[in-house]
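Student: Here you go, sequence then predicted model.
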Amino acid sequence: LSPTAAPVSDHAALAQFCRDQDIRLVVVGPEVPLAAGIVDDLTAAGIKCFGPTAKAAQLESSKSFTKAFLDRHEIPTARWKSFTDPKAACAFINSATFPALVVKASGLAAGKGVIVAASKEEACRAVTDIMQDKSFGTAGETVVVEELLEGEEISCLCFSDGVTIAPMPPAQDHKRLMDGDEGPNTGGMGAYSPAPQISKDLLQKIRETVLQKTVDGMRKEGVPYVGVLYAGLMLTKDGPKVLEFNCRFGDPECQVILPLLRSDLYEVMQAVLSRRLASSMPAWREDSAAVTVVMASQGYPGAYPKGLEITGLAKARQLGLEVFHAGTALKDGRVLTSGGRVLTVTAIREDLPAALQAANLGVAAIHFQGAIFRRDIGHRAIAFLRQSRGLTYKNSGVDIEAGNTLVQKIKPFAAATSRSGCNAELGGFAGLFDLKAAGYRDPILVSGTDGVGTKLKIAQECQKHDTIGQDLVAMCVNDILAQGAEPLFFLDYFACGKLDVDVAQGVIAGIADACRKAGCALLGGETAEMPGMYPPGEYDLAGFAVGAVERGQMLPQLDRIAEGDVVIGVASSGVHSNGFSLVRKIVEKSSLDFSSRVGVSGDQTLGELLLTPTKLYSKTLLPVLRSGHVKAYAHITGGGLLENIPRVLPHSLGVVLDALTWKIPEIFCWLHKEGNLSEEEMARTFNCGVGAVLVVQKELAQELLRDIQGHETAWIIGKVVALQKGSDSVKVLNLHRALQANRSLCVQSHIQGKIQTGKVKVAVLISGTGTNLEALINSTKKDTSYAQIVLVISNKPGVEGLRKAERAGIPTRVVEHTRFQSRAEFDSAVDKVLEEFSVELICLAGFMRILSGPFVKKWEGE
């Protein structure tokens, strides 16, 4: 906001400016406008304003009010007394039973109104300077003299909606100008967060005894505190004590705290203002540390030069650092100094030493004449971390407590999978299974192992972990069905770099639920936390299924399979868990992403569609497999139709399948078209809608099909044939035709989606390759976009832009200008199409036609 647009001190003009510019939210940074009542006045004018009212801001604007408030509510602070008479203040300094060496101007003094004296004489001189010589103006009409506390100074901030507080990571700033905490006090020469000196227990104590008590106290006094509350604390031997409050984000603390915020700051502020913070608590990055280093002008905090050129800013950004400007100005394309504290360089890394090193590299890359900065920001924290406390497994990156917590949380899930032969109790060295109790007389044990592949990448990107467990179980138990085996028990392996208990719990709950559906017990598993092996947020899975089959019922029965036998196909639920490296590459090159809405109702994202879990066939197909009428069963897994069916056939036989006999899910035709895949690539990579096949005698095929269709969608999809030398074991007829037949359905329903309520309907007019169109499509597919492209019109047929629109599922029309005698007739034809699609906004993107006056007038502003 330019000062010329509306003076900050003129709240009425500011409110009018906000109304004129349709500004919906004002966030107040400095303390002076807060104390002047800017929040009160803008709120009264109907404009949302983030920050405390003038009365609530007294916690910063009046030191004497704050000290009295702390005493009233028994919030720990230094002993103190306030004075309006300098002689009385000096008498108190000399007679106090504690070191009364801290002198504060009660009012606002731009963060400089505190003097920490080394002696009683110096404290009395400070009183004289403030009260008689007016060194801080009217802010010093009242002074507070308080006890000098010993300990370490820490900043603890929180969001408050007047009832609920949401603490931020603790931070520590560095007031002294030079390394080693030497030199004069400043507004702050750097900061870091989090502060390792603050344990979780101590942070909880501060939350309860300081932050929450303050917010509760203000509410009880009829002054709800809404906004950010900053508590400056001293960690004394008697516990944390309040030094001061600020009613805003601190500088430079803000530069290290907010970069650690994972949540959307705007959403947090809205939750504060709407008093729903309790249900919208912000999330923070727990695996990172931030350090910021201030670069100041030579002479600061005294007089300093201005107008010096700053170089190296781009290099700092290339190092992955954030540069926050403070005292800078832009002139003739050059960045110049214009203040005392010029800028800060912030680094976010995995720990404090690494963050400090990175921030110092950034400072070294930036130059202006006489720059002053510290190289030891965070030195106290680093010293604390390096104390000879001895290494632990936890600070090496393995949290045994978190692992134990996970085991306790998943025990009920495993117990729910108990079955005959097994109790499924976790915690022992090994699991036991009693085959006799399960009813087996002469069993053969069958085992299978598998993973989920890069489908995990999509689950992790979509933050959807509850279905991937079924994929893992299904991939294993569907495999052992090929031997005719009933799955008896399952073991899982979960590996990660840093254990997130909630994520792991979600995954393993899905595994347990799938085991229950499959009829096998979750007998045990391994959770491996391996720092450095996996990036944060990533994990890998492996599964192991063990089943059994009576000796005489094993599959496949190769000697019984004959030419003329029938192939029954059992429907898949979609892509299942194979081919996802190709799927991800196709999505990456398409105009969609995993958050794109798909389906006729638009109630599902592409990611959710692709994460549809693999079907479990054990309970539905096992009775049929044990009937004695099935000669072979194949799970269509990695290798698709072409490579899995031959695994259960004699070498002399093959199969011929007809793709027109089964329903191919729309996702496959979209992958086929979007990836420009060949028939062979489709059949060798994907199941194409068939998750399993059974080979049966022709005369029994219809009866068995009816049995299967009682539980699963299934079709007769082919037959067994004699294999000619050199010919393919599997032939899939009409696959391209079947994919083509479903293509329009696929694009129009699943991939196009519906017109979304509340979004502006946009038509894009093009003439060529659609480069601009592609950027618009990518923008509007984001959930945050206010626009939806409902139509693309080209004045030329066959251009690439039309194909880009079709691939994105957007309707297209060609209105060839060469077919019309006049510009007005052409424009009229375009106008009719726009009306047909109820277009609200027209975007010209590389449209190489001049539009007529009447058309432009009709669509003016649209």
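Tutor: Nice, I can see it.
Student: Which strand or helix spans residue 544?
Tutor: Following DSSP states H and E, one finds residue 544 within strand 539-550.
Student: continuing past that strand, what's the next helix or strand?
Tutor: strand 566-571.
Student: List every C-alpha atom in that next one, with coordinates, as PDB.
Tutor: C-alpha atoms of strand 566-571 as PDB (Å, rounded to 0.1, in the frame of the first residue of the first chain):
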ATOM      1  CA  VAL A 566     -12.600 -71.400 -22.600                       C
ATOM      2  CA  VAL A 567     -10.900 -68.400 -20.900                       C
ATOM      3  CA  ILE A 568     -13.100 -66.500 -18.300                       C
ATOM      4  CA  GLY A 569     -12.000 -63.000 -17.500                       C
ATOM      5  CA  VAL A 570     -12.700 -61.500 -14.100                       C
ATOM      6  CA  ALA A 571     -13.000 -57.700 -14.000                       C
END
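Student: now for that strand, which elements pack on it?
Tutor: strand 653-658, strand 690-696, helix 701-709, strand 714-722 (3 or more C-beta pairs under 8 Å, 6 or more residues apart in numbering; DSSP states H and E). Where C-beta positions appear, they are placed from N, C-alpha and C, glycine not excepted.
Student: Indicate which one of those is closest to residue 573.
Tutor: Residue 573 lies closest to strand 690-696 among the helices and strands packed on strand 566-571, at 7.2 Å (C-beta to C-beta).
Student: The closest one pairs with which strands?
Tutor: strand 566-571 (antiparallel), strand 630-635 (antiparallel) (DSSP bridges).
Student: what sits up against the helix or strand just after the last one?
Tutor: Same thing as strand 630-635. Helices and strands here follow DSSP H and E; after strand 630-635, the next one along the chain is helix 640-644. Helix 640-644 has contacts (C-beta atoms under 8 Å, 6 or more residues apart in numbering) with 578-579, 634-637, 657, 680, 682-688, 690, 728-730, 732.
Student: Drop anything exposed from those.
Tutor: Among the contacts of helix 640-644, those classed as buried by 16 or more other C-beta atoms under 10 Å are 578-579, 634-637, 657, 682-688, 690, 729-730, 732.
Student: For the stretch 201-350 of the chain, just list every one of the strands.
Tutor: With DSSP state E, counting those that start in this stretch as the criterion, the stretch 201-350 of the chain has strands at 226-236, 239-246, 289-296, 322-325, 328-331, 334-337, 341-349.
Student: could I get those as a markdown table with distance to residue 188, mean neighbour count and mean pLDDT?
Tutor: Listed next are the strands of the stretch 201-350 of the chain as a markdown table, based on distance: least, C-beta to C-beta, whole Å; neighbours: other C-beta atoms under 10 Å; pLDDT from 0 to 100:
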| stretch | distance to residue 188 | mean neighbour count | mean pLDDT |
| --- | --- | --- | --- |
| strand 226-236 | 11 | 22 | 94 |
| strand 239-246 | 12 | 20 | 92 |
| strand 289-296 | 7 | 28 | 96 |
| strand 322-325 | 12 | 18 | 95 |
| strand 328-331 | 17 | 13 | 94 |
| strand 334-337 | 18 | 18 | 95 |
| strand 341-349 | 8 | 25 | 96 |
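Student: Export those strands to CSV and append columns for distance to residue 848.
Tutor: Formatted as CSV, these follow (distance: least, C-beta to C-beta, whole Å):
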stretch, distance to residue 848
strand 226-236, 53
strand 239-246, 58
strand 289-296, 50
strand 322-325, 42
strand 328-331, 37
strand 334-337, 40
strand 341-349, 46
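Student: Compare those strands and give me the one nearest residue 402.
Tutor: strand 289-296 (19.6 Å).
Student: For that closest one, name the packing helices and strands.
Tutor: Using 3+ C-beta pairs under 8 Å, 6+ apart, strand 289-296 sits against strand 190-193, helix 254-257, strand 341-349, helix 352-365.
Student: These: which one's closest to residue 487?
Tutor: Here strand 341-349 is closest among those (C-beta to C-beta), at 46.1 Å.
Student: Buried deepest among the helices and strands packed on strand 566-571, which one?
Tutor: Ranked by mean neighbour count under mean count of other C-beta atoms under 10 Å, the helices and strands packed on strand 566-571 are led by strand 690-696, which reaches a mean of 26.
Student: between that one and strand 714-722, what angle do the directions make?
Tutor: 60 degrees (axes from the mean of the first three to the mean of the last three C-alpha atoms, to 10 degrees).
Student: List the contacts of strand 690-696.
Tutor: 478, 481, 556, 561, 565-573, 576, 614-615, 617, 621, 624-625, 629-636, 641, 645, 648-649, 655, 662, 704, 708, 717, 720.
Student: same check, this time on stretch 727-742
Tutor: So stretch 727-742 is contacted by 641-642, 645-646, 649, 654-660, 664, 666, 668-669, 672-673, 679, 682-683, 688, 723 (C-beta under 8 Å, 6+ apart).
Student: Could you do stretch 29-41 as well?
Tutor: Under C-beta under 8 Å, 6+ apart, the answer for stretch 29-41 is 8-9, 11-12, 14-15, 26, 28, 49, 51-54, 57-58, 60-61, 108, 227, 246-249.
Student: Just the mean pLDDT for that stretch, thanks.
Tutor: For stretch 29-41, the mean per-residue pLDDT is 93.
Student: that older thread, redo the helices and strands packed on strand 566-571 as a markdown table? Include mean pLDDT and distance to residue 606.
Tutor: Converted to a markdown table, the helices and strands packed on strand 566-571 look like this (pLDDT from 0 to 100; distance: least, C-beta to C-beta, whole Å):
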| stretch | mean pLDDT | distance to residue 606 |
| --- | --- | --- |
| strand 653-658 | 97 | 28 |
| strand 690-696 | 98 | 21 |
| helix 701-709 | 94 | 30 |
| strand 714-722 | 97 | 27 |
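Student: Out of the ones you listed, flag the one nearest residue 862.
Tutor: strand 690-696 (49.5 Å).
Student: now that closest one: how far from the chain's centre is it?
Tutor: 40 Å (C-alpha atoms, centre = their mean, to the nearest Å).
Student: Strand 653-658 and that strand, what's the angle between them?
Tutor: Using the same axes, to 10 degrees: strand 690-696 against strand 653-658 is 130 degrees.
Student: Dump the C-alpha coordinates for strand 690-696 into PDB.
Tutor: What follows is strand 690-696, C-alpha atoms only, in PDB (Å, rounded to 0.1, in the frame of the first residue of the first chain):
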ATOM      1  CA  VAL A 690      -9.200 -58.000 -16.600                       C
ATOM      2  CA  GLY A 691      -7.700 -58.700 -13.200                       C
ATOM      3  CA  ALA A 692      -7.600 -62.500 -13.400                       C
ATOM      4  CA  VAL A 693      -8.400 -65.200 -15.900                       C
ATOM      5  CA  LEU A 694      -9.600 -68.800 -15.400                       C
ATOM      6  CA  VAL A 695      -9.200 -71.600 -17.900                       C
ATOM      7  CA  VAL A 696     -12.200 -74.000 -17.900                       C
END
